[in-house]
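Enquirer: sequence first, then the predicted structure, then my questions.
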Amino acid sequence: MEYSRFESYLPHTDLIITGEGKLDTQTLQGKTVAGIAQKAWPWSVPVVAVCGHLDLLPAQIQALGLLYADSFLVSPQPLAQAQAETYSLLRNWATRMGAWLIFAFSGKA
């Protein structure tokens, strides 16, 4: 993050969407998602995380400083299948996330 000047963009950022293959207890120990959420917190920039496998409780997601975390998989499937379908799975997730963001930030949530 240092080389990308990540923090210099935060004052002008409305939302961060980041991701990892798996969000789990290792994420709590300092994987990239945790670092992004930590850097975004002082700027009040909400962070959403997407992953292939979500293995965190809601309280752990909140403790990371994430607004929301979700898996792009709609049902369990073998890794090879998920990898082969990544494009369509992420496209479908982005559609669902877009609808969620419109609802969440519309003031009606």
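Expert: On my side now, so go ahead.
Enquirer: hang on, residue 52 is in a helix, isn't it?
Expert: No - judged by DSSP: H, G, I helix; E, B strand; the rest coil, residue 52 forms no part of a helix; its state is strand.
Enquirer: where's it relative to residue 59, distance?
Expert: As for residue 52, its distance to residue 59 is 22 Å (criterion: CB to CB, to the nearest Å). For glycine as for every other residue, the C-beta is placed from the backbone atoms N, C-alpha and C.
Enquirer: cool, and residue 94?
Expert: In terms of CB to CB, residue 94 sits 26 Å off from residue 59.
Enquirer: helices along this protein, start to end?
Expert: 6-9, 25-28, 32-40, 58-63, 79-84, 86-104 (DSSP state H).
Enquirer: give the buried residues for the longest one.
Expert: Neighbour counts using 16 or more other CB atoms under 10 Å place 89, 93, 97, 101 of helix 86-104 among the buried residues.
Enquirer: tell me the confidence at the closest residue in space to the last one that isn't next to it in sequence?
Expert: Spelled out, it's residue 101. Leaving aside its sequence neighbours, residue 101 sits nearest to residue 15 (CB to CB, 6 or more residues apart in numbering; 7.4 Å). Looking at residue 15, its pLDDT reads 93.
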